[in-house]
Structure formats: C-alpha cells, structure tokens
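1. output the structure for:
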Amino acid sequence: MIKNRFFIFISCFLLNYTVVKTFNLNIQFINITIIQIFLFTLYLLGDLFYRKISNKKSITPFHFLAINFSRILLCILFLLPTILSYNKPDNIYIYNFFIIYFIYLFSDIFLTIKKYIK
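-> Residues are numbered from 1 along each chain as shown. Down below sits the predicted model:
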C-alpha cells in the first residue's frame, strides 16, 4: 500500500512541476515541494488514522467524518498565511494547492475502494 501512495506522490509532484513549467505559472519550485510534502504527509497520516479506527469494533461514520474534517482544518491552517497576506498572484498558489489536494483525495478514494473490492 505504501508503494502505491509513494507512486502517487511522485506522480503528483512531477505532474505539478510539469504543469507549472509548461504554463509558466508563478509558483516557485520550493513552494511546489512544500505543498507536495504537506499533502503527502496529510495523506499518510489520514490513512494511518483510518486503519487504526477500522480495527476497533465500535466505529461510526462520525469517526471517519472527524478525520476528514481534521484534514480540511489542517489545509486551511496551511493556507492561512497566504490567505491573510492576499495578493492577486496568490490565486494561482491556492488553486494549485486545491487541485493537487483533490488529486490526492480521489486517489485515496480509488485505493480504498480497490482494497475493499479485492
């Protein structure tokens, strides 16, 4: 499972870097790297908590909702400095963040469904 997640991380990183360079977007390489590392860490921690909760006998959908809500809060905290010092060019940074976030989210859903189908 870690191999799949690492492959997704490398794929998202390369895709993000390629799109930024191809369309000449105003995002520095260090910012791409920071976003990718943050989202990948969030992705792994969420998976770790999902697995720990899944092993318990008395789980409710509220537990999974709490994990996703925590992810959203952490993303908002991550973007808060950019949002508070808002400039017009920061739109690209925020859009980039959420596009990559949704790619990670869809891949997480896909891998989870794939795991339960087997």
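
2. in stretch 79-97, what counts as buried?
-> Leu79, Tyr93, Asn96, Phe97 (16 or more other Cβ atoms under 10 Å). Any C-beta I mention is one placed from the backbone N, CA and C, and that applies to glycine too.

3. which sections of the protein are below the confidence cut-off?
-> Counting by pLDDT under 70, the chain contains low-confidence ranges at 1, 118.

4. among the buried residues of stretch 79-97, list the two that are farthest apart in space.
-> Leu79 and Asn96 (10.9 Å; Cβ to Cβ).

5. same list (the buried residues of stretch 79-97) but as CSV, adding distance to Lys115 and secondary structure.
-> As requested, the buried residues of stretch 79-97 are arranged in CSV below (distance: Cβ to Cβ, whole Å; DSSP: H, G, I helix; E, B strand; the rest coil):
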residue, distance to Lys115, secondary structure
Leu79, 30, helix
Tyr93, 33, helix
Asn96, 29, helix
Phe97, 27, helix
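
6. tell me the phi and psi of Asn26?
-> Backbone torsions of Asn26, given as degrees, to the nearest 10, read phi -90, psi 60.

7. my guess is it contacts Asp90, does it?
-> No. Counting by Cβ atoms under 8 Å, no contact exists between Asn26 and Asp90, whose distance comes to 9.3 Å.

8. which stretches of the chain form helices?
-> All helices of the chain, identified by DSSP state H, fall at 2-22, 29-54, 61-84, 90-117.

9. flag every buried residue along the last one.
-> Of all the residues in helix 90-117, those buried under the rule 16+ other Cβ under 10 Å are Tyr93, Asn96, Phe97, Ile100, Tyr101, Ile103, Tyr104, Leu105, Ser107, Asp108.

10. OK, contacts around the first one?
-> By Cβ atoms under 8 Å, 6 or more residues apart in numbering, Tyr93 lies in contact with Ile27, Asn31, Thr82.

11. just put those in TSV and tack on distance to Arg51.
-> What follows is the contacts of Tyr93, written out as TSV (distance: Cβ to Cβ, whole Å):
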residue	distance to Arg51
Ile27	33
Asn31	31
Thr82	32
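
12. out of the residues you listed, flag the one nearest to Ile67.
-> Looking across the contacts of Tyr93 and measuring by Cβ to Cβ, the closest to Ile67 is Thr82, at 24.2 Å.
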